[in-house]
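Visitor: dropping a prediction and its sequence here:
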Amino acid sequence: MAKTKVVTYFKESYDELMHKVSWPTWSELQGSAIVVSIASLIIAFVVLLMDEAFKNLLLQFYKLF
């Protein structure tokens with residue numbers, strides 16, 4: 001009983017992936033990868049700036065004591 005449910009599940013999953021899912025084109029994938037890469041670099045740069053700012057703030061604070 002459970003074996004037939006598993007087999008049915010895989011058959012339906014395969015059918016959905018092959019006939020119902022719209023896959024992006026190669027150029028769409030490249031465009032998305034470029035956007036994600038640029039966004040990741042911007043976020044990394046912002047985190048770096050925040051890290052340096054907090055480091056400098058804490059160094060100034062520790063110099064008080």
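Guide: Yes, it's here.
Visitor: quick one, strands of this structure?
Guide: Applying DSSP state E to the chain gives no strands.
Visitor: for the chain, which helix or strand comes out least confident on mean pLDDT?
Guide: Within the chain, confidence by mean pLDDT, DSSP states H and E is lowest for helix 2-19 among all helices and strands, at a mean of 92.
Visitor: that one: how far from the chain's middle?
Guide: Its chain's average C-alpha position is 28 Å from that of helix 2-19, according to CA atoms, centre = their mean, to the nearest Å.
Visitor: what average pLDDT does the biggest helix by length in the chain get?
Guide: Criterion DSSP state H: the longest helix present in the chain is helix 26-63. When pLDDT is averaged over helix 26-63, the result is 97.
Visitor: got the buried residues for that helix?
Guide: The neighbour-count criterion (16 or more other CB atoms under 10 Å) identifies no buried residues in helix 26-63. Glycine gets a C-beta too; all of them are placed from N, C-alpha and C.
Visitor: where's residue 65 relative to residue 10, distance?
Guide: Here residue 65 is placed at a distance of 65 Å from residue 10 (CB to CB, to the nearest Å).
Visitor: neighbour count winner among those two?
Guide: Remark: of residue 65 and residue 10, residue 10 carries more neighbours, 10 against 4, as counted by other CB atoms under 10 Å.
Visitor: and that one, how far from residue 17?
Guide: With distances defined as CB to CB, the gap from residue 10 to residue 17 amounts to 11 Å.
Visitor: got any residues that touch both of those two?
Guide: The contact sets of residue 10 and residue 17 do not overlap (CB atoms under 8 Å, 6 or more residues apart in numbering).
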